[in-house]
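# just the structure for this:
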Amino acid sequence: MAETFKEFTDSNFSSEALQCSLPVIVDFWAVWCGPCKMLTPIIDELAGEMAGKVVFGKLNVDDNPKIAARYGVSGIPTLLFIKNGQVVDQHTGLLPKKLLLDKINKTFGI
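Coordinates of the predicted model:
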């Protein structure tokens, strides 16, 4: 299966997430985080279903602490919803697929 989400880093975040023409959802995660592992297949499914409408990306907070600090991410998983380079919403914790989809549609007006 092709990778359906981008890998964001401290070095590519600005160009890949903030300058993207589509709405972006950034999943802040870590290898040791149980809820993060539960969220990954949900993000994967939604990324496939919403390809061309929303860009999904993951950012490992252990490997990329600058971006996590810049956005005040203290708990994971945290999702940032970015539109036109601005954070328009944020959610910390695991969301079931239906609730996450509803939040995406409401936040981005899709």
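# quick one, helices of this structure?
Assigned by DSSP state H, the helices in the chain fall at 13, 34-49, 65-70, 97-108.
# low pLDDT regions in the chain?
Within the chain, the ranges that satisfy pLDDT under 70 run 1-4.
# for residue 91, which of the helices of the chain is the nearest?
If you check each of those against residue 91 by CB to CB, helix 97-108 wins as the nearest, at 6.7 Å. (Glycine included, C-beta is placed from N, CA and C.)
# using CSV, write down the CA coordinates of that closest one.
In CSV, the C-alpha atoms belonging to helix 97-108 read as follows (Å, rounded to 0.1, in the frame of the first residue of the first chain):
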residue,chain,number,x,y,z
LYS,A,97,-13.1,7.7,12.7
LYS,A,98,-16.7,9.1,12.5
LEU,A,99,-16.0,11.9,15.0
LEU,A,100,-12.7,12.8,13.3
LEU,A,101,-14.4,12.9,9.9
ASP,A,102,-17.2,15.1,11.3
LYS,A,103,-14.6,17.4,12.8
ILE,A,104,-12.7,17.6,9.5
ASN,A,105,-15.8,18.4,7.5
LYS,A,106,-16.9,21.0,10.0
THR,A,107,-13.5,22.6,10.4
PHE,A,108,-12.6,22.8,6.7
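# which of the residues in it are buried?
100, 101, 103, 104, 107, 108 (16 or more other CB atoms under 10 Å).
# by contact count, what packs against that helix?
Judged by 3 or more CB pairs under 8 Å, 6 or more residues apart in numbering; DSSP states H and E, the packing partners of helix 97-108 are helix 34-49, strand 78-83, strand 86-92.
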